[in-house]
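S.K.: Test case, fold it:
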Amino acid sequence: MKRFTYSILSFFLLGMIAFAQKNTPESKSKPITQESDKIIIEHSDFIDMNQYEIPGATVFTGNVRVIHKGTKINCNKAYYFTDENYVKAFGNVQINQGDSITMNSRYAEYDGKDEFAFATGDVNLRSPESTLTTDTIFFDKKKQIAFYNSYGTIINKENTLKSKSGRYFVSSKKYQFTSAVTVTNPKAVIKTNHLDFYENSGHAYVFGPSTITSKDNVIYTENGFYDTNNDIGKLQKNSKITYDNKIIEGDDLYYDQKTNFSRGINNVKITDTINNMVAKGHYAEMYRNTETRKDSIILTKRAVVITKVENDSLYMHGKKILVTGPPEDRVIRAFNNVRFFKTDMSGKCDSIHSNNKTGLTQLIGNPVLWNNDNQMTGDVMHLIGNNKTEQLDSLKVINNAFIVQKDSLSENGYNQIKGQYLYGKFKENKLSEVDVVKNTEVIYYMYNDKNELVGIDKKVCSKLNFVFENNQIVSQTAFNSVEAKTYPESEFPENARKLRGFIWRGDERIKSKEDIFPEEENKIHQQILLESKKKASEQDIPMEVLPETLDYDKEHPKPKEKVKETNEKNK
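M.R.: Residues are numbered from 1 along each chain as shown. Model prediction:
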């Protein structure tokens, strides 16, 4: 009987409160159809208006339901401050805003005037895409922003996000963190101090020093994007990707972990620590094969590969450079106007094929090689290196072999060796011995100890052996069908002093590592450097949100939305 009496009283008081709310000056001045600014207590098992216990408040107990402008609050007990339009909720509190968010807690407060909620005690905030658990949450309904400063954990599909503080933007379905945030999923771990995470798409935008670590690689960036669902990254500042023996750097990097594909634009640098190799260019593509380890790199736009050779470095440029194969069997190919430089050797050709396993480098298409003062040409050249000593071992010139050396004393004199094939041996990266085979011809300027020209030697034989010391011929030996004669300078005609096929290409000689680049590519390089410098000096701001993030819900509608779209089209 007592409970029945309380119920009647509660019903009566609820009716009186509702009547008072409907007849406030604010409600009378607005159309009836407009939603009330006043909080409405929709239901309660018991009600108490004892002003001595809770001054200014009405106490509602048991299955309390509160509504206000689309927001519903359920709890065990509520204090309703009518004048302030304010509610304090206790026990099993649940706050709902349509189907966008649901928040559970032990205690909550709601300000109807400012439409602001506060919840604490085992808070659990759920959206259709994720769940946030923390100790305390503040929710600004007008701005549609929820935020916390009491450490929180967010579960989003396969992603777990942990941070000291954070914000949730309901409209854009975005979490924003500005201190100590970690994102963990089965494929990667993201650590940063500034992260924007879009829960519907799983897109993460990081700003400031950030790392993305997976089983196969580590990504570092200070301004970038990472798709946690598709394992795709776009990196824009001080970025690098490290995996196995490689480090990839560049102004603008793209990475697809599923296909093991990377792309770099502007100031790209790839470091191969196993092969002591650095590749640079303003455009690069990298393909990785984790099973066969046959990785590949494509470089263009002022491309260069720098290989350490003993205490020196070999610089090689081509319009396009390809680096393929596993570390122990790396192959480098360069195409179109290839140039290379080393302190004691340089050259040019149409294309190069080099294999570090065999130590064989092939110069193909109009090759020319300068070793100290020697110019060597032929149809095809092979340079063979010694992998143990990391020095040049030997040289092979196939068809139309020709060595030219400018005579150091005479004005227009050239020492020349010509034959079908040439086989040379190197010692400490300098030519030490040369064999010229088949149809061999020689013109050589001979001097005495006083550097006086004693004659010009002309020789024809089937094979000739030369021994070099300090870049000078110290001995020569002719074999088979030797025809030789030494002419006084006055008796040797000028037009006979050059062998057939003689070409002097000294004006083309590569004298420094800068000379390997054509002028047109240097212009592109300077322009890119200016653009990069300008970009670096601009205000440091987070990356602009990509269209695929903004349009994600349009491109990936939920099943109900798909049905709705189909029905509308059928109409």
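S.K.: got any ranges where this protein has weak pLDDT?
M.R.: Within the chain, the stretches falling below the threshold (pLDDT under 70) are 1-35, 539, 559-571.
S.K.: residues contacting Leu363?
M.R.: Leu363 sits next to Val338, Gly347, Cys349, Ile352, Leu369, Val380, Met381, His382, Leu383 when contact means Cβ atoms under 8 Å, 6 or more residues apart in numbering. The way it works is simple: take the backbone N, C-alpha and C, and place the C-beta from them, glycine included.
S.K.: Just give me the neighbour total for the last one.
M.R.: Leu383 has 23 neighbours, counted by other Cβ atoms under 10 Å.
S.K.: Hmm, it is touching Leu395, no?
M.R.: Yes - here Leu383 reaches Leu395: they are 5.8 Å apart, a contact under Cβ atoms under 8 Å.
S.K.: what is in contact with the two at once?
M.R.: Leu369.
S.K.: hang on, the earlier thing: just to be sure, which of the contacts of Leu363 are found in strands?
M.R.: Per DSSP state E, strands hold the following members of the contacts of Leu363: Val338, Gly347, Cys349, Ile352, Leu369, Val380, Met381, His382, Leu383.
S.K.: nearest residue to the second one other than its sequence neighbours?
M.R.: To tie it back to what came earlier, the one meant is Gly347. Ranked by Cβ to Cβ, 6 or more residues apart in numbering and with sequence neighbours excluded, the top spatial neighbour of Gly347 is Leu369, at 4.2 Å.
S.K.: Equivalent analysis for Ile248, please.
M.R.: Nearest in space to Ile248, with sequence neighbours left out and distances taken as Cβ to Cβ, 6+ apart, is Ile241 at 4.3 Å.
S.K.: Quick check: bridge partners of the residue most central in space within the chain?
M.R.: The residue at the geometric middle of the chain, judged as the C-alpha nearest the mean C-alpha position with Cα atoms, centre = their mean, is Leu253 (3.0 Å). Beta bridges link Leu253 to Leu235, Gly264, judged by DSSP bridges.
S.K.: List the contacts of it.
M.R.: Thr221, Gly233, Lys234, Leu235, Gln236, Ser239, Lys240, Ile241, Ser262, Arg263, Gly264, Ile265.
S.K.: which of the residues you listed has the most neighbours?
M.R.: Neighbour count (other Cβ under 10 Å) singles out Leu235 as the most crowded of the contacts of Leu253, with 30 neighbours.
S.K.: In contact with it, which residues?
M.R.: Leu235 sits next to Ile219, Thr221, Asn223, Gly224, Phe225, Ile241, Asp252, Leu253, Tyr254, Tyr255 when contact means Cβ under 8 Å, 6+ apart.
S.K.: cutoff 10 Å now
M.R.: Contact criterion Cβ atoms under 10 Å, 6 or more residues apart in numbering gives 206, 210, 212, 219-226, 241, 248-255, 262, 264, 543 as the residues in contact with Leu235.
S.K.: Which of these fall in strands?
M.R.: When DSSP E defines the strands, the subset of the contacts of Leu235 inside them is 206, 210, 212, 219-226, 241, 248-250, 252-255, 262, 264.
S.K.: ok, for Ile95, nearest residue in space, not its chain neighbours?
M.R.: Excluding its sequence neighbours, the residue lying closest to Ile95 (Cβ to Cβ, 6+ apart) is Met103, at 4.5 Å.
S.K.: ok, now Gln257?
M.R.: Computed as Cβ to Cβ, 6+ apart, the closest residue to Gln257 that is not its neighbour in sequence is Asp231, at 3.7 Å.
S.K.: hmm, back to that, the residue nearest to Gly347 against Met376, yeah?
M.R.: Yes - A contact is recorded between Leu369 and Met376 when judged using Cβ atoms under 10 Å, the distance being 4.5 Å.
S.K.: Now the common contact residues for the two.
M.R.: Both Leu369 and Met376 are contacted by Gly347, Leu363, Leu395, Val397, Ile403, Gly424, under the criterion Cβ under 10 Å, 6+ apart.
S.K.: Greatest separation within the residues you listed: which pair is it?
M.R.: Taking Cβ to Cβ, the two most distant members of the shared contacts of Leu369 and Met376 are Leu363 and Ile403; they sit 14.9 Å apart.
S.K.: which residues of the chain fall in helices?
M.R.: Read by DSSP state H, the chain holds these helices, from start to end of the chain: 2-22, 25-28, 519-537, 547-550, 552-555, 559-570.
S.K.: what sits up against the third one?
M.R.: Read that as helix 519-537. If you take Cβ under 10 Å, 6+ apart as the criterion, helix 519-537 is touched by 236-238, 251-252, 265-267, 281-282, 300-304, 317, 319, 337, 514, 517-518.
S.K.: Need phi/psi at Glu158.
M.R.: phi -90, psi 0 (degrees, to the nearest 10).
S.K.: ok, it - contacts?
M.R.: If a contact means Cβ under 10 Å, 6+ apart, then Glu158 has Thr184, Asn185, Pro186, Lys187, Gly202, Thr228, Asn229 as its contacts.
S.K.: Just confirm the first one contacts Leu161, I think it does.
M.R.: Okay, so that is Thr184. Yes - under the contact definition of Cβ under 10 Å, Thr184 touches Leu161, with a separation of 7.9 Å.
S.K.: any residues in contact with both of the two?
M.R.: Common contacts of Thr184 and Leu161 (Cβ under 10 Å, 6+ apart): Ile190, Thr228.
S.K.: These two: which is more packed in?
M.R.: Higher neighbour count among Thr184 and Leu161: Leu161, with 25 against 16, using other Cβ under 10 Å.
S.K.: mind listing what that one touches?
M.R.: If a contact means Cβ under 10 Å, 6+ apart, then Leu161 has 130, 132, 152-155, 175, 177, 181-185, 190, 195, 197, 199, 204, 228 as its contacts.
S.K.: can you rerun that using 6 Å?
M.R.: In this structure, Leu161 makes contact with Ile154, Val183, judged by Cβ atoms under 6 Å, 6 or more residues apart in numbering.
S.K.: Then the one 5 residues further on?
M.R.: The neighbourhood of Gly166, defined by Cβ under 6 Å, 6+ apart, consists of Gly152, Tyr175, Phe177.
S.K.: Now these in CSV, please, with extra columns for neighbour count and distance to Ile332.
M.R.: Converted to CSV, these look like this (neighbours: other Cβ atoms under 10 Å; distance: Cβ to Cβ, whole Å):
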residue, neighbour count, distance to Ile332
Gly152, 25, 51
Tyr175, 26, 46
Phe177, 24, 44
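S.K.: Okay, and which of these map to strands?
M.R.: If you go by DSSP E, those have Gly152, Tyr175, Phe177 in strands.
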